[in-house]
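Asks: Just the structure for this:
(2 chains, ligands or ions: 2)
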Amino acid sequence: MADADQLSEPAPAPAASVEIKAVPVRRPGRLIAGVLIIVVAAALVKSVATNPRFGWGTVGHYLFAPTVMEGLVKTIELTILSMIIGIAIGVLLAVMRLSPNPIVVAASGFYIWLFRGTPVLVQLLFWAFIAALYPVISLGVPFGPAVVNLDANTLITPFVAVLLGLGLNEGAYMSEIVRAGLLSVDEGQEEAAKALGMRRMMTMRRVILPQAMRVIIPPTGNETIGMLKTTSLVSVLAYTELLYAVQLIYATNYKQIPLLIVASIWYLVLTTILSIGQYFIERHYGRGTARSAPPTLLARIWQSFSTWRHTRVEVPEISRHGQ
Amino acid sequence: MSESMIKAEGVHKRFGRNEVLKGITLDVAAGEVMCLLGPSGSGKSTFLRCINHLEKINAGRIWVDGSLVGYRQKGDVLHEIPEREVAREREQIGMVFQRFNLFGHMTAVQNIIEAPIKVRGTKPDAARAEAKVLMDRVGLGDRLDAYPAQLSGGQQQRVAIARALAMKPKLMLFDEPTSALDPELVGEVLDVMRGLAADGMTMVVVTHETGFAREVADTVVFMDDGVVVESGDPVAVFENPQHARTQAFLSKVL
Ligand SMILES: Nc1ncnc2c1ncn2[C@@H]1O[C@H](COP(=O)(O)OP(=O)(O)O)[C@@H](O)[C@H]1O
Ligand SMILES: [Mg+2]
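Replies: Ligands and ions are numbered 1, 2, ... in the order given. Prediction:
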């Protein structure tokens, strides 16, 4: 509070202040490290650019190939949908963990134990072979008559299997992130909401969750980037996402390295876009707080540009040399 | 019973094996201002929280405006009432906290209109107009769109009072509303509370501000170790405390 005031009104400089001009301390270690890194980097760039086996021509040729583009779209689709499923399940599990009902708490704990305790690849394979386990899926009264019977093979298409595998697994991880977020919100907030006559679910939705977002968003960004890469596991189920798309191509032309580079370029493009998006979402949920979460590397670069343009500090500067 | 706003009879509250309230009996008339004094840990906050059922009591009864808090009595049997009805009872009881507890992600106005719109179903335009009036009343008509973090402690507490008033409560509970404030900000909050008292609001105020209690309170209650040690007219309690514990406490705070 007081800090905010000080930010907008810098203390006047003392009279007769003279700018200090001093010879900086020499740091030979830094200089050597810098030179070394530049030399190594130059050697790497030269080798990458001149080694013909990288096949940069081939990379350029396939970068926008229709098969690659279709795989790219599928990868994006899978990432978005499984994160939506994961976040929804995560919120549900986290709220269940805080329930006064012990059975609800136990159910949530069991889910997390099961899905976090087994490899996601194993889970993906389970969903792919679910028809062997339950050939017919019945919806109806538990232990009673079924209302509809569905053939598992038509219901659980490869797409659904993949989505279930990725989304349900992600839910277990997201629940821990959401729970940490919910616990980060001061108890007084819930108390004030209750005292105003707000009920538990409304308090959660309107008061607790929006403030928990500040804590939830950064690790969720990491999870999304992780998910983007985890979708490549799905290639073992012959689902044509980005990695399987390039595998299909190099299975016929044997140009593995250039095509893996094509896939890597697209993964890098997507993770970069996600990181930028994360910065803006973090800024949105940081509103109302004087001191927001420490900016990411990207945020810091962005900030140095914007302060340079407007000469106005919006995010308190975090000193790299501080403490 | 009809003219008392709060009636507490033999209220007991335990946390585990720690008995915090050991039979509180008191009565607050409509329009009365009662100040609760007592050393830290004597159970003042807990008692306030029992009045709006933020805590469940273990024995005794509390009535607010004639209806039993948190339960319904059928014959000799008490039935817990569902969350929906507890919430409806709380709507009528404003509460102001030591640490303000404004919703940090909402501006002052959003804090004030949230419950009227979402709980009461007030139209947003009407709620916003009402919020403007309340913000003027607490002297912050020009800070409608400030976030809590941009306000001083005294300003936050005044917004918190406006937020509670927006639900048109028939009773206001204050839990040490000025204890978290820098000394120079205490006055502005007490002024708002004085205004409320003058308008006839029923208030229960936990406070260490003896000056305020002496001036505004109709009744002063001194609590220690979960019991009411002494209560009465402020002049009587402050000038002529009957119990050694009251005397010891007052000699420290006066
Ligand atoms: N939620 C709780 N759980 C356990 N003990 C509590 C809780 N709330 C309060 N207490 C205990 O009850 C006693 C009275 O607390 P409180 O009502 O806050 O006192 P006061 O407001 O008079 O300082 C203290 O000993 C405190 O530790
Ligand atoms: Mg207290």
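Asks: Can you list the buried residues in the lengthiest helix in chain A?
Replies: Longest helix in chain A, counting residues (DSSP state H): helix A:66-97. Going by neighbour count (16 or more other CB atoms under 10 Å in any protein chain shown), the buried part of helix A:66-97 is A:68, A:71-72, A:74-76, A:78-79, A:82-83, A:85-87, A:89-97. Every C-beta, even on glycine, is put in place using the N, C-alpha and C of the backbone.
Asks: same thing with stretch A:151-164?
Replies: Here stretch A:151-164 shows A:156, A:161-164 as buried, counting by 16+ other CB under 10 Å.
Asks: Return the item of those having minimum pLDDT.
Replies: By predicted confidence (pLDDT), the lowest-ranked of the buried residues of stretch A:151-164 is A:Ile156, with 76.
Asks: neighbouring strands for the host helix or strand of B:Arg61, and are they parallel or not?
Replies: For B:Arg61, the element it lies in under DSSP states H and E is strand B:59-64. In its sheet, strand B:59-64 lies beside strand B:4-15 (antiparallel), strand B:67-68 (antiparallel), with partners assigned from DSSP bridges.
Asks: for the longest one, the distance to its chain's centre please.
Replies: Looking back up the chat, that one is strand B:4-15. Strand B:4-15 has its C-alpha centroid displaced from the chain centroid by 14 Å (CA atoms, centre = their mean, to the nearest Å).
Asks: Likewise for stretch A:176-186?
Replies: On the basis of CA atoms, centre = their mean, stretch A:176-186 sits 17 Å off its chain's mean C-alpha point.
Asks: Is the helix or strand hosting A:Ala192 in proximity to ligand 1?
Replies: Counting by DSSP H and E, the element that carries A:Ala192 is helix A:187-195. No. Under the criterion of CB under 6 Å from any ligand atom, helix A:187-195 makes no contact with ligand 1; the nearest approach is 9.5 Å.
Asks: And that helix, what does it pack against?
Replies: Under the contact definition 3 or more CB pairs under 8 Å, 6 or more residues apart in numbering or on different chains; DSSP states H and E, helix A:187-195 sits against helix A:200-203, helix B:83-91, strand B:93-96.
Asks: Try it again at 10 Å.
Replies: Packing contacts for helix A:187-195, counted by 3 or more CB pairs under 10 Å, 6 or more residues apart in numbering or on different chains; DSSP states H and E, involve helix A:200-203, helix B:83-91, strand B:93-96, helix B:108-115, helix B:153-165.
Asks: Tell me the residues of the stretch 151-254 of chain B that contact chain A?
Replies: For the stretch 151-254 of chain B, the residues found near chain A under the criterion CB under 10 Å from any CB of the partner chain are B:151-153, B:155-156, B:160, B:163-164, B:166-167, B:169, B:173, B:182.
Asks: What segments of the stretch 101-250 of chain B are helices?
Replies: Taking DSSP state H, counting those that start in this stretch, the helices of the stretch 101-250 of chain B run over residues B:108-115, B:124-137, B:153-165, B:183-198, B:210-216, B:234-239, B:244-253.
Asks: Nearest to B:Pro39, out of the ones you listed?
Replies: When the helices of the stretch 101-250 of chain B are ranked by distance to B:Pro39, counting by CB to CB, first place goes to helix B:244-253 at 6.0 Å.
Asks: Which other helices and strands does the closest one contact?
Replies: Taking 3+ CB pairs under 10 Å, 6+ apart as contact, the helices and strands that helix B:244-253 lies on are strand B:33-37, strand B:219-224, strand B:227-232, helix B:234-239.
Asks: Would you reformat these as a markdown table and include distance to B:Met106, mean neighbour count and mean pLDDT?
Replies: What follows is the helices and strands packed on helix B:244-253, written out as a markdown table (distance: least, CB to CB, whole Å; neighbours: other CB atoms under 10 Å in any protein chain shown; pLDDT from 0 to 100):
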| stretch | distance to B:Met106 | mean neighbour count | mean pLDDT |
| --- | --- | --- | --- |
| strand B:33-37 | 30 | 26 | 97 |
| strand B:219-224 | 34 | 23 | 96 |
| strand B:227-232 | 38 | 18 | 95 |
| helix B:234-239 | 37 | 16 | 92 |
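Asks: For the residue nearest to A:Thr271 when sequence neighbours are not counted, list the residues it contacts.
Replies: Nearest residue to A:Thr271, sequence neighbours excluded (CB to CB, 6 or more residues apart in numbering or on different chains): A:Ile225, at 5.1 Å. A:Ile225 sits next to A:79, A:267, A:270-272, A:274-275, A:278 when contact means CB atoms under 10 Å, 6 or more residues apart in numbering or on different chains.
Asks: How about the most centrally placed residue in chain B: which residues does it bridge to?
Replies: The C-alpha lying nearest the average C-alpha coordinate of chain B belongs to B:Leu173 (CA atoms, centre = their mean; 1.0 Å). In this entry, B:Leu173 is beta-bridged to B:Met95, B:Val204, by DSSP bridges.
Asks: how close does it get to A:Glu191?
Replies: Relative to A:Glu191, B:Leu173 is positioned 12 Å away (CB to CB, to the nearest Å).
Asks: Any idea which residue of chain A lies closest to ligand 1?
Replies: In chain A, the residue that lies nearest ligand 1 is A:Glu187 (9.5 Å; CB to the nearest ligand atom).
Asks: Surely that residue and B:Asn101 touch.
Replies: Yes. Between A:Glu187 and B:Asn101 a contact is recorded at 9.0 Å, counting by CB atoms under 10 Å.
Asks: Which of the two has more residues huddled nearby?
Replies: Each of A:Glu187 and B:Asn101 has its neighbours counted (other CB atoms under 10 Å in any protein chain shown); B:Asn101 has more, 24 against 9.
Asks: check contacts around the more buried one.
Replies: Counting by CB under 10 Å, 6+ apart, B:Asn101 has contacts A:186-193, A:195, A:207, B:95, B:111, B:148, B:156, B:160, B:163.
Asks: Could you do B:Ala108 as well?
Replies: Shown in contact with B:Ala108 (CB under 10 Å, 6+ apart): B:102, B:131, B:134-135, B:138, B:140, B:143-148, B:150-151, B:155-156, B:158-160, B:162-163.
Asks: Can you tell me the closest non-neighbouring residue to it?
Replies: Of all residues not flanking B:Ala108 in the chain, B:Val159 sits nearest, at 4.7 Å (CB to CB, 6+ apart).
Asks: for A:Lys74, same thing?
Replies: Of all residues not flanking A:Lys74 in the chain, A:Glu241 sits nearest, at 4.5 Å (CB to CB, 6+ apart).
Asks: And residue 39, what's its pLDDT?
Replies: Picking chain A for this. The predicted local confidence for A:Val39 comes out at a pLDDT of 95.
Asks: Chain B, not that one
Replies: The pLDDT attached to B:Pro39 in the predicted structure is 95.
Asks: again with B:Phe212
Replies: In this prediction B:Phe212 is given a pLDDT of 95.
Asks: Grab the nearest non-local neighbour of it.
Replies: B:Leu190 (5.2 Å).
Asks: so the one you found touches B:Gly211, yeah?
Replies: Yes. A contact is recorded between B:Leu190 and B:Gly211 when judged using CB under 10 Å, the distance being 8.5 Å.
Asks: Settle it for me: which of those two has more neighbours?
Replies: Each of B:Leu190 and B:Gly211 had its neighbours counted (other CB under 10 Å), and the higher figure belongs to B:Leu190 (21 against 11).
Asks: ok, residue 134 - contacts?
Replies: Here I'm looking at chain A. For A:Tyr134, the contact set (CB under 10 Å, 6+ apart) comprises A:150, A:152, A:155-156.
Asks: try again with chain B
Replies: If you count contacts by CB under 10 Å, 6+ apart, B:Leu134 has them with B:108-109, B:112-113, B:140-141, B:158-159, B:161-166.
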